[in-house]
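[1] The sequence and its predicted three-dimensional model are supplied below.
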Amino acid sequence: MAMNKMKKINISASLKSNLITFGIVIAAYAVMQILVSLHLVSSLMRGLLVPICVYVILAVSLNLTVGILGELSLGHAGFMCVGAFTGAFFSKYILYAVPGMPGALRFFLALLIGALFAGLFGLLIGIPVLRLKGDYLAIVTLAFGEIIKNLINLLYLGIDENGVHISLNSALDLHMEDSDKIIVNGAMGITGTPNDSNFTIGVVLVLFALIIVLNLIHSRDGRAIMAIRDNTIAAESVGINVTKYKLMAFAISASLAGIAGVLYAHNLSTLTALPKNFGYNMSIQILVFVVLGGIGNIRGSIISAVVLTVLPELLRGFVSDSRMLIYAIILIAMMLFNWAPACIAWREKIRYRLNRKKNAKEAE
Amino acid sequence: MKKFSKLVSLAAASAMVLSMAGCGSNAGSSDTFKIGGIGPITGGAAIYGESVMNGCQLAVDEINEAGGINGVKIEFNFQDDEHDAEKAVNAYNTLKDWNVQMLIGCVTSTPCIAVTEKSNADNVFQITPSGSAVKCTQYDNGFQVCFSDPNQGAASAQYIGENNLASKVAVIYDSSDVYSTGIYQSFVSGAESQPFEIVSAEAFTADSKTDFSVQLQKAQDAGADLVFLPIYYQESALILTQANAMGYAPNWFSCDGMDGILGVDNFDTTLAEGVMLLTPYAADSTDELSSKFTQAYIAKYGETPIQFAADGYDAVYILKAALEKSGAKPSDSASAICDGLKSAMTQITVDGVTGAGMTWAATGEVNKAPMAVVIKDGAYAAMQ
């Protein structure tokens, strides 16, 4: 019955689905804010709120590349890294170049710059890379992510009265009088980034990412992108500019990852490009969010990003020693439950039984 | 399906809310000191975190058996940070929910800097056993057990210069590692006033740490008679093996990261003969405290402790000394204990496994004499 109604009013169905997604985010935000104000939330959970927002944005943005554009990208952490470092660099520079600038404006500009640079990198990398398909694209994006991480580990950058000093060798080659003014210190990264991120800004950015991605999906451009995903040759034959739309989706996805990076960088006072936070492990972690939540399913990515970020931390309380092991087992179990054909069949059976009971009740 | 997934998500959501609310604010038992530890016990740096954790646990058990601190037992809770700043903050928050009163951590520098920011805001006392970056002690609640990176680099340069160990020095360092670059930079600035010259400085990164023939060739071509290795022992073992294969035999000098080289699997320890290193702790030291610690550690964990374990062990005893000095009670809040410990730390002198007569300045840096050892007949021997 419900299904028929949905089909009849198709346009509002997508709107309704979008509104549910927004509603979930806003409701979760409201509930958390109330709990925090009532002091019912542990420090651990309060500390996790911003990282959750970061990972939700990352999952949503990667879903644009993987689910909507249909290309497997393993370099998403690289774009996050670009956003994080450019944003943090800007904030750090402004801190002593224009100390009077209000924090909110500084953070807003940092977000803008992070998104811009990550988008630019996405565009530059996308031009050669998007000529490839499938596994080849995955391998090359993986390499690009690693290159970005390694370049940042080599970069020494400082600004003083004599202008900008850049070196790829060591901090000593900068020849700066005041070593405190070195902003990017090679492997030591950036320390002392102002703590501008908070949960409210995080949720606003999550909503922003959702608005962009969901609107794109349901727009003319989005349908063109999905047409390319479904059949490139057919899409080309009806006059869709394949390169343009591929680049568009890739660059938007990269710049949203950049925003997540800025949020991440301003949540911690130290930023280093370690394999753990910006390496391919992170790219794959984000991909896991997307795959578990359902490729192309934006709401699913949000939920899986939240669950998979919170889970290993909650396990600290129960099995401190083997929590990563338990986490892995739960992850495998969840993947099987969601995607194994046998499990899908079993769920279908349960659903059928529930429906039959419900129908029987309604018949009475 | 819809109904089912709703049910599942409802259950999940309520479980999450319950678990969050559950660990809100439980009043801690007030008859023990609660000491928290943070370090990597999974991932690439796990060996360091494990060692610190074991070292701390050994000290805690010893103290508890001997009757505790002023008669008060210690509870120790060690949390994993996976060598990641974000996870370290999560670990710190977990400990906060556990009502931690003092913090031993973090084991590695980057997470440590992130946690000091939070612990300073909460005014929780923090002593890092092995976080050697200067920023680890940037606030007045942070103290170090190990030498800071600049101290090690400058001390190495001074030692080489004063003892006339070389006239031409080459450096091979890991440019992707905070510890290594930190020592390298201070070594270079410390070398300016010394009678030797740095003839080559070659870097490698974590992604290319198996083949060092290029770096070694450059050092050899530059005529270096001493190679300074401010890196960890795993890479050092490879470098020594490869240098031997190409017939290059300079003197080797290293810092505390070299400790552990004699225990590397399949490494010909005769190659390490004559290697000099600055280390605060040597596993076969005949010093009474050190040998007692080493024997107890081997008896408990079945392996020879590395320097990190010694740092962790000392950190607990330093805390004990400071707590006794400040006269803190287990019922005090973390902030009150922290205020007491801050001033107590500058007044105490501790004889530990990693150095005798350790004292602290209010900046948090430790003051102890660096010990230079040379590897002789497969064991450490003090240098003359």
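    That came in fine, so what should we check first?
[2] so where do the helices sit in the stretch 151-300 of chain A?
    A:199-217, A:220-230, A:232-237, A:242-265, A:275-278, A:280-293, A:298-314 (DSSP state H, counting those that start in this stretch).
[3] gap between the longest one and the chain center?
    To tie it back to what came earlier, the one meant is helix A:242-265. 9 Å (CA atoms, centre = their mean, to the nearest Å).
[4] mind listing what's buried in that helix?
    A:242, A:245-265 (16 or more other CB atoms under 10 Å in any protein chain shown). Quick note: C-beta positions are derived from backbone N, CA and C, even for glycine.
[5] how deep is A:I24 tucked in, by neighbour count?
    Residues lying near A:I24 (other CB atoms under 10 Å in any protein chain shown) number 15.
[6] looking at it, it is touching A:G300, isn't it?
    No - using CB atoms under 8 Å, A:I24 makes no contact with A:G300, being 11.3 Å away.
[7] Just the element for A:L95, please.
    helix A:76-97 (DSSP states H and E).
[8] and that helix with helix A:242-265, angle?
    Between helix A:76-97 and helix A:242-265, the angle comes out at 50 degrees (axes from the mean of the first three to the mean of the last three CA atoms, to 10 degrees).
[9] any bit of helix A:76-97 sitting next to chain B?
    No - judged by CB under 8 Å from any CB of the partner chain, helix A:76-97 makes no contact with chain B; its nearest approach is 11.4 Å.
[10] Heading C-terminal from that helix, find the next helix or strand.
    helix A:103-129.
[11] and stretch A:35-53, which residues are buried?
    For stretch A:35-53, by 16+ other CB under 10 Å, it's A:35, A:40-53.
[12] Closest one of those residues to A:P194?
    Nearest to A:P194 among the buried residues of stretch A:35-53, counting by CB to CB, is A:V50 at 13.8 Å.
[13] Look at that closest one and report its pLDDT.
    Looking at A:V50, its pLDDT reads 95.
[14] Contact partners for the residue lying closest to it once chain neighbours are set aside?
    Spatially, and ignoring its direct neighbours in sequence, A:V50 is nearest to A:N267 (4.6 Å; CB to CB, 6 or more residues apart in numbering or on different chains). Residues near A:N267 by CB atoms under 8 Å, 6 or more residues apart in numbering or on different chains: A:50-51, A:54, A:195, A:197, B:86.
[15] please redo it, this time with the cut-off set to 7 Å
    A:50-51, A:195, A:197 (CB atoms under 7 Å, 6 or more residues apart in numbering or on different chains).
[16] for it, phi and psi?
    Dihedral pair for A:N267: phi -100, psi -20, per degrees, to the nearest 10.
[17] for the one 5 residues further on, same thing?
    Note on A:T272: its backbone torsions stand at phi -130, psi 150 [degrees, to the nearest 10].
[18] Near chain B, which residues of chain A? Just list them.
    A:39-45, A:47-48, A:51, A:150, A:153-154, A:170-172, A:186-188, A:191, A:268-270, A:272, A:274-277, A:310, A:313-314, A:316-317, A:324, A:347, A:350-351, A:354 (CB under 7 Å from any CB of the partner chain).
[19] hmm, stretch B:140-150 in reach of chain A?
    No - using CB under 7 Å from any CB, we find that stretch B:140-150 stays clear of chain A, coming within 9.6 Å at best.
[20] Not counting sequence-adjacent ones, nearest residue to B:V214?
    B:V214 sits nearest to B:E202 (CB to CB, 6+ apart), 7.3 Å away.
[21] where does B:M20 land on pLDDT?
    Looking at B:M20, the pLDDT reads 45.
[22] how about the helices of the stretch 1-150 of chain B, start to end?
    Secondary structure of the stretch 1-150 of chain B (DSSP H, counting those that start in this stretch): helices at B:2-22, B:46-65, B:85-97, B:109-122, B:149-162.
[23] low pLDDT regions in chain A?
    Of all residues in chain A, those with pLDDT under 70 make up the ranges A:1-11, A:179, A:320-321, A:364.
[24] Swap in 80 and give it another go.
    Low-confidence segments of chain A (pLDDT under 80): A:1-12, A:96, A:134, A:161-163, A:169-181, A:187, A:317-324, A:358, A:360-364.
[25] which SSE is the most centrally placed residue in it in?
    For chain A, the residue nearest the mean C-alpha position is A:L58 (0.5 Å; CA atoms, centre = their mean). Following DSSP H and E, one finds A:L58 within helix A:43-63.
[26] starting at the chain centroid, how far to that helix?
    That offset, for helix A:43-63, works out to 8 Å (CA atoms, centre = their mean).
[27] B:S213 reaches B:T241, doesn't it?
    No - the pair B:S213 / B:T241 is not scored as a contact, 11.1 Å apart, by CB atoms under 7 Å.
[28] Can you pick out the residue with more neighbours from those two?
    B:T241 (16 against 13).
[29] what packs against the strand or helix carrying that one?
    Counting by DSSP H and E, the element that carries B:T241 is helix B:233-245. Helices and strands in packing contact with helix B:233-245 are listed as helix B:213-221; criterion 3 or more CB pairs under 7 Å, 6 or more residues apart in numbering or on different chains; DSSP states H and E.
[30] Compute the inter-axis angle for the helix it packs on and helix B:233-245.
    Here helix B:213-221 runs at an angle of 60 degrees relative to helix B:233-245 (the same axes, to 10 degrees).
[31] Would you check how far apart A:T243 and chain B are?
    32 Å (CB to the nearest CB, to the nearest Å).
[32] show me what contacts B:N123?
    Applying CB under 7 Å, 6+ apart, we find B:N123 in contact with B:141, B:335, B:338.
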